[in-house]
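[1] sharing a model prediction with you, sequence too.
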Amino acid sequence: MKRGKKYVEAAKLVDRATLYDAADAIALVKKAAAAKFDETVEVHIRTGCDGRHADQQIRGAVVLPHGTGKTVRILVFAKGAKADEAEAAGADFVGAEELIPKIQNEGWLDFDVVVATPDMMGVVGRLGRVLGPKGLMPNPKAGTVTMDVTKAINDIKAGKIEYRLDKTNIIHVPVGKVSFTEEQLADNFQTLMDAIIKARPATLKGTFLKSVTMTSTMGPGVKLNVVKLVG
């Protein structure tokens, strides 16, 4: 894979053999980000879990103290008073069955998070094949299947992110933008790591966090010292 000149220059800043402290990693990621847009700072956590076992699945959500820096578009599946409540709370789209053909047949996906009241999950379930692979399916563990739609919307707008294992047992999550201060990124990163360390499955034998890498959208990865994160 051929890398661009900017990436090659940025990669020189990072010593691949070094495991960095969180503060040093954040400073490096900010320094190495050379794109013309405000890159997202991402964390990739390789775990020792085996997601094929239900008792080793990790899925949850956490509100980052400084948000993600991204404007999130929220779709709420609700009816009656709950639909009114969702609109009042600032949901971008609110609807019920009438949205099914729009999403299924027209490929409408102009939203980033889906929230649903429990009574609507039968309807939302019909969209499983579309929403599931994109990670958009509402889930009680992530707080997106709830009767308290106002709290769900407020949390998401405040910077709530969802984390879950992918097929290779890695968790990928954004922790802010390159334009954030180092302190803001450090707060967000620490909040995320605290939540993930707490989410360690009780049945897991051996190492939980195998590696933690921080990177910006277009920048090189910076590996963190996992021992210090867990200690």
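    Structure received.
[2] start and end of stretch 14-31, how far apart?
    Across stretch 14-31, the terminal residues are separated by 10 Å (Cα to Cα, to the nearest Å).
[3] now do the phi/psi pair for V43.
    phi -120, psi 130 (degrees, to the nearest 10).
[4] what bridges to it?
    Per DSSP bridges, the residues bridged to V43 are V173, M214.
[5] burial measure for it, as a count.
    23 (other Cβ atoms under 10 Å). For every residue, glycine as well, the C-beta is placed using N, CA and C.
[6] contacting residues around it?
    171-175, 189, 192, 212-214 (Cβ atoms under 8 Å, 6 or more residues apart in numbering).
[7] go again with 6 Å.
    173, 175, 214 (Cβ atoms under 6 Å, 6 or more residues apart in numbering).
[8] which pLDDT value belongs to the last one?
    Looking at M214, its pLDDT reads 96.
[9] what number of residues lie near it?
    23.
[10] I'd guessed it sits against V222; true?
    Yes: counting by Cβ atoms under 6 Å, M214 does reach V222; the two are 5.1 Å apart.
[11] which residues are common contacts for those two?
    With Cβ under 6 Å, 6+ apart as the test, M214 and V222 both reach 25, 29.
[12] got any ranges where the chain has weak pLDDT?
    1-3, 231 (pLDDT under 70).
[13] mind listing the strands for this protein?
    40-47, 59-63, 74-77, 93-95, 113-116, 160-164, 170-177, 209-216, 222-223 (DSSP state E).
[14] I'd like the ones you listed as CSV, with distance to R16 appended.
    As requested, the strands of the chain are exported to CSV (distance: least, Cβ to Cβ, whole Å):
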stretch, distance to R16
strand 40-47, 15
strand 59-63, 29
strand 74-77, 39
strand 93-95, 44
strand 113-116, 35
strand 160-164, 26
strand 170-177, 19
strand 209-216, 11
strand 222-223, 8
